[in-house]
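**Q** Pasted the sequence and its predicted model underneath.
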Amino acid sequence: MGQTTKTEPMAQTAKSLMAEPEHPLPPVVVYERWCKGCGICVEFCPRQVLEMGNDEHPTVVHPEQCNRCTLCEVHCPDFAIRVLRLGEKEPHHSR
Ligand code: SF4
Ligand code: SF4
């Protein structure tokens, strides 16, 4: 005789509510023309989403780990990195 747990459906609901909404990746866009390669965004990212690339611009290496906290965006002194809002498409002038 199997025992049913009442917490399971609730846990499922919580899990689906907390799931990352579907969004085209990457969620972060670097405007390389404005970026001076200081690395501040990489240092402030709490999820290790960004790494400095060989071209001295940040690269999105783990987009799936991004929680859209916007710390990279608000700390960039040159307005060179943006976190896309839900449903927003990558701007054409992002390079
Ligand atoms: S903080 Fe801004 S300028 Fe500095 S590396 Fe990141 S995107 Fe480039
Ligand atoms: S939004 Fe937050 S988690 Fe995503 S790349 Fe920027 S600092 Fe990292």
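**A** Cool, got the structure. Ligands and ions are numbered 1, 2, ... in the order given.
**Q** Next, give phi and psi for Glu43.
**A** Here is the backbone geometry of Glu43 (degrees, to the nearest 10): phi -70, psi -40.
**Q** how close does it sit to ligand 1?
**A** Using C-beta to the nearest ligand atom, to the nearest Å, Glu43 is found at 8 Å from ligand 1. Any C-beta I mention is one placed from the backbone N, CA and C, and that applies to glycine too.
**Q** how close does that residue get to Arg85?
**A** Here Glu43 is placed at a distance of 23 Å from Arg85 (C-beta to C-beta, to the nearest Å).
**Q** and what of Pro46?
**A** Pro46 sits 19 Å away from Arg85, going by C-beta to C-beta.
**Q** cool, Cys38 as well?
**A** 24 Å.
**Q** And for Pro27?
**A** Applying C-beta to C-beta to Pro27 and Arg85 gives a distance of 9 Å.
**Q** higher neighbour count, the two?
**A** Set Pro27 next to Arg85 and count neighbours by other C-beta atoms under 10 Å: Pro27 wins out with 21 against 10.
**Q** Give me the neighbour count for the closest residue to the more buried one other than its chain neighbours.
**A** Distance criterion C-beta to C-beta, 6 or more residues apart in numbering; nearest residue to Pro27, sequence neighbours excluded, is Cys66 at 4.9 Å. Look at Cys66: counted by other C-beta under 10 Å, it has 22 neighbours.
**Q** And for Asn67?
**A** As a burial measure, Asn67 scores 13 neighbours (other C-beta under 10 Å).
**Q** try Gln48
**A** 11.
**Q** Would you mind listing the buried residues in stretch 55-71?
**A** His57, Pro58, Val60, Cys66, Arg68, Leu71 (16 or more other C-beta atoms under 10 Å).
**Q** What residues does this protein have near ligand 1?
**A** Proximity of the chain to ligand 1, by C-beta under 6 Å from any ligand atom, involves residues 30, 35-41, 58, 76, 78, 80-81.
**Q** Which ones among those residues map onto strands?
**A** Val30, Pro58, Ile81 (DSSP state E).
**Q** out of the residues you listed, which one sits closest to ligand 2?
**A** Distance to ligand 2 across these (C-beta to the nearest ligand atom) is lowest for Ile81, with 7.4 Å.
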